[in-house]
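Participant: give me coordinates for this.
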Amino acid sequence: MKSKKIIVLTIFLICFFINTYSLMVLDEDDFKKDVEIAVKKILRLSDTHEVRFCFPEISTYNIVSGYIPFIKMSTGSLRLNDLWTDKVYFEFYNVKLDTEILHNEKRLVADPRMKIRLYAEISEKAINNLLYKKRKKIKVKDPEALLRDGFIILKGHVKAMFVSSYIRAKGYFYIENGKQINFASNYIALNKIKLPKFLLVRIINTINPVLDMNELDFDIKLRDIILKDRKVVITSFPDGFSGEEL
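Facilitator: Numbering: from 1, shown residues only. Here you go, the predicted structure:
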C-alpha cells in the first residue's frame, strides 16, 4: 500500500514539475525570443541589431527539452575579430540548450555536438580597415589591399635605410587547420625589386593571421575562402552553397 502511494506521489510530482516548468519557459514566442537574445550575446551583437531568424516548428517538447533541430540566422554587419562582414549567414544544427540557463540568464549553453556553419562576405574596404589598424605592426605606411578574382594585391610604403620605399605584393588567402585565414605570397617587391625570401617571410608573418576563428565565442571550422572582385567570401558550407540562397 505504501509503495503504491509513493508511486502515485512520484507521478504527481513529475507532472507538477513538468507543468510548472512549461509555465516557467512560457510559450513558443517567448522561447524563440530567449534564444534570439542568447544568440546575439554569443555573436556580440546589441539587442537592437537587426537579425533575421528562422526556426522550425517549435513544440512543447522543444521548449521543455531545449532540443531544436536547426536555427538559421542572417544579418549584415557582424564583427569577426577585427573584420566586419557585409553579409553573414549562420546555420546551427542539433541544438541542445540548457533551458534553465536560457530562461533565467538569457545565455546560450549548448551541447558541444552542435554543428555550426557560416557563410560571410567581407568587403575590400573591411580588409583595408584591418590593414590600417595593423599598419604599425606590419610597419607599412598607407597600406592598401586590392581584391580581385583569385588573388589580392597589397601595396604601401616602408622605410628602408631612412628612405621611404614603395612596396607591392601579390598573393592569396588560405585556410590553416580550418580555423585561421592567412595571407601568402611568392612575390613582394620594394621599388620594383623583388625581395629575398627571408624578408618576404618576415613581412608575411606580421600580417598573419588575418582572421583567427579560435578567438571567437563559438566553435566553427572553415572549408573554403574565395577571392572575388572587391570582396572575399569565407564559408564552412559544403560545395554548392553560393550565398545566392540568402
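Participant: list the contacts for Val140?
Facilitator: Shown in contact with Val140 (Cβ atoms under 8 Å, 6 or more residues apart in numbering): Leu131, Gly156, His157, Val158, Ile167. For the C-beta atoms, the positions are set from N, CA and C on the backbone; glycine is no exception.
Participant: next, format those residues as JSON lines and append secondary structure, neighbour count and distance to Ile58.
Facilitator: Formatted as JSON lines, these follow (DSSP: H, G, I helix; E, B strand; the rest coil; neighbours: other Cβ atoms under 10 Å; distance: Cβ to Cβ, whole Å):
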{"residue": "Leu131", "secondary structure": "helix", "neighbour count": "19", "distance to Ile58": "44"}
{"residue": "Gly156", "secondary structure": "strand", "neighbour count": "19", "distance to Ile58": "52"}
{"residue": "His157", "secondary structure": "strand", "neighbour count": "14", "distance to Ile58": "57"}
{"residue": "Val158", "secondary structure": "strand", "neighbour count": "16", "distance to Ile58": "57"}
{"residue": "Ile167", "secondary structure": "strand", "neighbour count": "20", "distance to Ile58": "55"}
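Participant: quick one: least confident of these?
Facilitator: Here the lowest pLDDT out of the contacts of Val140 sits on Val158, with 81.
Participant: how close does that one sit to Pro238?
Facilitator: Distance of Val158 to Pro238, given as Cβ to Cβ, to the nearest Å: 41 Å.
Participant: next one: Asn128
Facilitator: Here Asn128 is placed at a distance of 31 Å from Pro238 (Cβ to Cβ).
Participant: with that, I have no additional questions.
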